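**Student:** quick check, what structure comes out for this input:
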Amino acid sequence: NMVDLEAISTLLDNTFSKLVTVEQIQPVSHLAVPLLELLLSHPTKSPTILSELLSCISALFAVVLLAPDALNPILSRIFIPLSTPSEVPNHSKEVRTLRRHSCSLLVKLGTKFPAILLPSFTFLQGEIARLNTAGLLSKMEHC
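**Tutor:** From the prediction side, this is the model:
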């Protein structure tokens with residue numbers, strides 16, 4: 001249910017946005033790590049649902065401090081919506097919004113958690129270059 005997903009993403013964001021150190025995350029890690037794994041493995045083709053899943057994943061990003069192996073699956077999930085051509089004439093508003101959400105999520109994570117993303121800089125740079133070379137990014141998304 002979309003309303004439930006929206007409520008969950010808001011709750012997670014409001015709760016986890018204040019948890020930015022290992023010591024703060026440790027008490028809830030037994031719940032947060034499995035929840036993040038569940039969100040990462042949830043299959044969906046719906047742009048609206050995927051956007052809400054990305055919001056939940058974004059809220060739980062600090063869990064990477066305790067589970068560094070989650071970083072690559074998170075980044076892969078963020079890049080999925082960008083792996084389709086950006087200038088497809090029949091892109092719905094939901095797809096365009098999802099693509100924008102993916103881009104803004106990368107900026108947010110880079111701003112809020114630069115130390116966590118730094119080891120993945122080469123991967124991020126390569127993925128963005130690959131998407132750009134393949135013509136999958138619009139001019140706005142490439143910036």
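
**Student:** where does stretch 10-23 sit relative to the chain's centre, distance-wise?
**Tutor:** Centroid displacement of stretch 10-23 relative to its chain, using CA atoms, centre = their mean, to the nearest Å, is 15 Å.

**Student:** quick one: end-to-end distance for it.
**Tutor:** 23 Å (CA to CA, to the nearest Å).

**Student:** give me the contacts around it.
**Tutor:** 24-25, 28, 32, 55-56, 58-62, 65-66, 112 (CB atoms under 8 Å, 6 or more residues apart in numbering). Using the backbone N, CA and C atoms, a C-beta is placed for each residue, glycine as well.

**Student:** for stretch 109-118, same thing?
**Tutor:** By CB under 8 Å, 6+ apart, stretch 109-118 touches 20, 58, 61-62, 64-65, 71, 124.

**Student:** return the subset of those residues lying in helices.
**Tutor:** Judged by DSSP state H, the contacts of stretch 109-118 include 58, 71, 124 as members of helices.

**Student:** scan those residues and report the most crowded one.
**Tutor:** Ser58 (22 neighbours; other CB atoms under 10 Å).

**Student:** quick one: it and Leu105 touch, right?
**Tutor:** Yes. Contact criterion CB atoms under 8 Å: Ser58 and Leu105 qualify, at 5.3 Å.
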